[in-house]
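K.L.:
Here is my input; please provide its structure:
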Amino acid sequence: MSVRNVVHENLYFDSVALMRVAASLDDRPGIEAVSLVMATDANRDVLSDAGLLTDEGRAAGPNDLIVAVRGNEAALVEALSDADAALSQPWSPTDGTASPSHAASPRRLVGAPEGANLALISTPGRYAAAEALKALRHGMHVFIFSDNVPVQQEVMLKQEAHQRGLLVMGADCGTTILNGLPLGFANAVRRGDVGLIGASGTGLQQISTLLDSMGVGISQLIGVGSHDLSAEVGGLSMLTALDALAEDPSTNVIVLVSKPPAPAVAGEVLARAAAAGKSVVVSFLGSDVRAPAPQVVVASDLREAARAAARLSLGADVPAVEAPDLSPLVDTLPGRWLRALYAGGTFAYEAELLLRPVLGAISSRVERYAPGRVPRLPDSHLVLDLGDDVFTSGRPHPMIDPATRIEFLRAAVRDPASAVVVVDIVIGHGAAEDPAGALAPVIAEAAGSPTAPLVLAFVVGTGHDPQNLGEQEQLLRDAGAVVVDDSTTAAEVAGDVLTKIGATR
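P.N.:
Numbers count the residues shown, from 1 in each chain. Next up, the predicted model:
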């Protein structure tokens with residue numbers, strides 16, 4: 001195998017487009033690894049660790065784009081040529097696919113159609129704040145998909161937006177649905193009277209899709225970025241969005257979701273929720289908050305948040321779905337460890353929150369990982385967020401490209417010490433075309449082995465998503481996985497099985 005780097009000087013590109021170009025090349029015959037990244041010091045270190053950096057890449061500057069490919073010589077030439085052709089195409093701002101005309105995707109804000117009031121920023125993080133500030137000064141609300149934006153810049157942008165009566169969604173904002181228009185990763189959910197606001201992209205997706213399955217629709221779904229409820233940012237965007245939904249006549253119930261906010265920020269958000277004049281469900285995972293008023297309901301997990309919002313919207317309880325009884329499988333499982341391999345960071349956090357009291361110590365790290373190398377799993381329970389920067393620097397997010405997850409899943413199902421493996425499948429706009437189909441062969445390969453662990457899976461999506469919820473679930477069942485309805489149930493079932501293993505050995 002050979003390694004080649006092609007450097008495009010003074011060029012940065014939409015990160016979603018870069019991810020999709022990499023994903024389109026990565027699974028070709030003769031290609032072992034592909035990465036498209038800006039040539040920052042950190043990204044060059046990642047490429048070097050992965051054995052994907054050449055002298056050309058080492059000489060690149062931080063404003064340059066590196067296309068790095070490892071494979072056989074013939075495949076390399078073709079892949080690099082196709083990457084160059086793909087990067088020269090205009091890109092659709094909604095789905096990242098090639099667009100028939102440059103007019104559909106202006107490369108500069110000054111080229112945006114007259115009257116446009118929303119800008120989606122998906123450049124590398126070091127450039128995002130400058131582009132977002134331009135958009136705000138053009139009177140646009142801003143959705144910032146980019147991650148690695150310094151928190152000081154996020155604060156500056158949100159203060160600027162507040163002064164102008166605008167909303168900044170992000171940075172590191174994974175999902176939003178405004179008036180039915182999906183931005184980033186989002187699902188095809190029915191319209192209705194529940195408005196969601198969250199500093200958790202996959203948490204918002206889980207709640208919105210569960211509501212859809214309960215017959216409840218969404219008025220608006222507003223992501224505010226993973227750092228919004230920190231002490232530094234102060235919940236500026238959540239407070240702005242909460243005020244907007246309080247005034248929105250199409251919204252009757254409001255749901256707030258986040259990992260633990262800073263205590264002072266939580267207090268301010270709860271006070272604003274109590275004054276909203278509407279029912280509000282608050283799910284601040286892992287945070288010990290109390291409802292400040294009768295119209296505010298506190299939910300401890302994502303499933304409870306969805307059920308509470310559905311009850312308020314419908315005026316009636318929603319029947320609970322029974323979790324499967326896997327007791328008959330307990331004596332057949334050879335290992336003892338949990339391997340939870342999530343694409344959604346909130347799901348990883350929720351799982352740790354639910355399982356630590358049951359299982360005790362849980363690792364959330366692995367030894368230094370490089371793409372293309374067999375992961376080394378610890379001799380302990382493991383919950384991984386494979387969407388973390390450790391795994392996505394220089395590679396697409398696992399919701400777009402399953403390559404990293406396949407490496408970890410293969411290692412987990414082949415490890416005789418594994419007892420339960422948990423995976424999430426997130427479908428919808430922006431996600432991979434067939435994520436369950438990519439994982440199913442690895443699950444099926446292990447299913448017939450006497451050392452095979454139990455594979456638990458859940459799919460976040462709806463029947464109207466391009467990938468189709470029912471079809472994705474069936475692919476997993478056919479491969480030998482046990483499919484449950486949601487992230488909370490998956491963690492609870494895993495904990496129950498592992499507890500019974502501990503009780504019988």
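K.L.:
Just the pLDDT for Ala129.
P.N.:
Turning to Ala129, the model gives it a pLDDT of 93.
K.L.:
how much space between it and Leu353?
P.N.:
32 Å (C-beta to C-beta, to the nearest Å). Backbone N, C-alpha and C define where each C-beta goes, glycine included.
K.L.:
now swap in Phe185 and tell me
P.N.:
From Phe185 to Leu353 the distance is 22 Å (C-beta to C-beta).
K.L.:
If you count surrounding residues, which of the two has more?
P.N.:
The neighbour count for Phe185 versus Leu353, taken as other C-beta atoms under 10 Å, is higher for Phe185 (28 against 17).
K.L.:
Grab the nearest non-local neighbour of that one.
P.N.:
Nearest in space to Phe185, with sequence neighbours left out and distances taken as C-beta to C-beta, 6 or more residues apart in numbering, is Gly430 at 4.3 Å.
K.L.:
What of Arg303?
P.N.:
Thr488 (3.8 Å).
K.L.:
Now for the one you found: which residues touch it?
P.N.:
With contact set as C-beta atoms under 8 Å, 6 or more residues apart in numbering, Thr488 has these partners: Asp301, Leu302, Arg303, Glu304, Glu350, Leu354.
K.L.:
By neighbour count, which of the residues you listed wins?
P.N.:
Glu350 (30 neighbours).
K.L.:
Look at the residue nearest to Arg303 and give its secondary structure.
P.N.:
Of the three states, Thr488 takes helix according to DSSP: H, G, I helix; E, B strand; the rest coil.
K.L.:
The residue nearest to Val189 when sequence neighbours are not counted: helix or strand, and which one exactly?
P.N.:
The shortest distance from Val189 to any non-neighbouring residue, by C-beta to C-beta, 6+ apart, is to Asp212 (4.4 Å). For Asp212, the host element (DSSP states H and E) is helix 201-213.
K.L.:
for the protein, which spans come out with low pLDDT?
P.N.:
Along the chain, segments meeting pLDDT under 70 span 14-16, 90-113, 368, 371-372, 393-394, 503-505.
K.L.:
Show me it divided up by domain.
P.N.:
Structurally, the chain divides into domains by automatic domain parsing as follows: 2-87, 173-314, 327-504.
K.L.:
tell me how far the ends of the second one are from each other?
P.N.:
Read it as domain 173-314. One end of domain 173-314 to the other measures 29 Å (C-alpha to C-alpha, to the nearest Å).
K.L.:
Just want the phi and psi numbers for the residue nearest the centre of the chain.
P.N.:
By C-alpha atoms, centre = their mean, the chain has its centre lying nearest to Gly344, at 4.5 Å. In terms of degrees, to the nearest 10, the main-chain angles of Gly344 are phi -100, psi 120.
K.L.:
How about it, nearest residue that isn't a chain neighbour?
P.N.:
Thr202 (3.1 Å).
K.L.:
List the contacts of the one you found.
P.N.:
Residues near Thr202 by C-beta under 8 Å, 6+ apart: Gly174, Thr175, Phe185, Ala343, Gly344, Gly345, Thr346, Phe347, Asp424, Val426, Val460.
K.L.:
Closest one of those residues to Asp82?
P.N.:
Nearest to Asp82 among the contacts of Thr202 is Phe185, at 25.5 Å by C-beta to C-beta.
K.L.:
Pull the distance from stretch 287-299 to the chain's centre.
P.N.:
Centre-to-centre, stretch 287-299 and its host chain are 26 Å apart (C-alpha atoms, centre = their mean, to the nearest Å).
K.L.:
go on, stretch 212-219?
P.N.:
Distance, centroid of stretch 212-219 to centroid of chain: 21 Å (C-alpha atoms, centre = their mean).
K.L.:
ok, residues contacting that stretch?
P.N.:
Identification of contacts with stretch 212-219 by C-beta under 8 Å, 6+ apart yields 177, 187, 189-196, 208, 211, 245, 248, 250-251, 306-307, 309-310, 313-314, 318, 462, 485.
K.L.:
One more: stretch 276-293?
P.N.:
Residues outside stretch 276-293 that contact it (C-beta under 8 Å, 6+ apart) are 200, 203, 207, 242, 245-246, 251-261, 266, 269-271, 273-274, 295-302, 304-305, 308-309, 312, 346, 349-350, 353.
K.L.:
and Arg311, how many neighbours?
P.N.:
18.
K.L.:
er, Arg365 actually
P.N.:
Residues near Arg365, counting by other C-beta under 10 Å: 12.
K.L.:
quick one: it from His227, how far?
P.N.:
21 Å.
K.L.:
next one: Arg410
P.N.:
Taken as C-beta to C-beta, the span from Arg410 to His227 is 33 Å.
K.L.:
before we move on, what about Thr488?
P.N.:
Relative to His227, Thr488 is positioned 24 Å away (C-beta to C-beta).
K.L.:
show me what contacts the closest residue to Pro124 other than its chain neighbours?
P.N.:
Spatially, and ignoring its direct neighbours in sequence, Pro124 is nearest to Met38 (4.7 Å; C-beta to C-beta, 6+ apart). Taking C-beta under 8 Å, 6+ apart, we find Met38 in contact with Tyr12, Pro62, Asn63, Asp64, Leu65, Ile66, Pro124, Arg126.
K.L.:
If you rank those residues by neighbours, which is first?
P.N.:
Neighbour max across those (other C-beta under 10 Å) = Ile66, 25 neighbours.
K.L.:
picking up where we left off before, what's the residue nearest to the centre of the chain in contact with, if anything?
P.N.:
Per C-beta under 8 Å, 6+ apart, neighbours of Gly344: Gly201, Thr202, Gly203, Gln205, Gln206, Asp385, Gly387, Met399, Asp424, Val426, Val460, Ser487.
K.L.:
Check Ala161 too.
P.N.:
With C-beta under 8 Å, 6+ apart, Ala161 has these contacts: Leu136, His141, Val142, Leu167, Val168, Leu236, Ser237, Thr240.
K.L.:
next helix or strand past whichever strand or helix holds it?
P.N.:
For Ala161, the host element (DSSP H and E) is helix 151-164. Next along the chain after helix 151-164, taking DSSP H and E as the criterion, comes strand 168-169.
K.L.:
Against which helices or strands is that following strand packed?
P.N.:
Counting contacts by 3 or more C-beta pairs under 8 Å, 6 or more residues apart in numbering; DSSP states H and E, strand 168-169 packs against strand 141-144, helix 151-164, helix 236-247.
K.L.:
Spatially nearest residue to Gly345, not counting backbone neighbours?
P.N.:
Closest to Gly345 by C-beta to C-beta, 6+ apart is Asp385, at 4.4 Å.
K.L.:
is it true that the one you found touches Glu350?
P.N.:
No. With contact defined as C-beta atoms under 8 Å, Asp385 does not reach Glu350; the gap is 11.0 Å.
K.L.:
where do the strands sit along the stretch 51-200 of the chain?
P.N.:
For the stretch 51-200 of the chain, applying DSSP state E, counting those that start in this stretch gives strands covering 65-71, 118-121, 141-144, 168-169, 175-178, 181-184, 191-198.
K.L.:
Just checking: what are the partner strands of the fourth one?
P.N.:
Within its sheet, and counting by DSSP bridges, strand 168-169 is paired with strand 141-144 (parallel).
K.L.:
buried stuff in the helix holding Ala161?
P.N.:
For helix 151-164, the neighbour count (16 or more other C-beta atoms under 10 Å) marks Gln153, Glu154, Val155, Leu157, Lys158, Glu160, Ala161 as buried.
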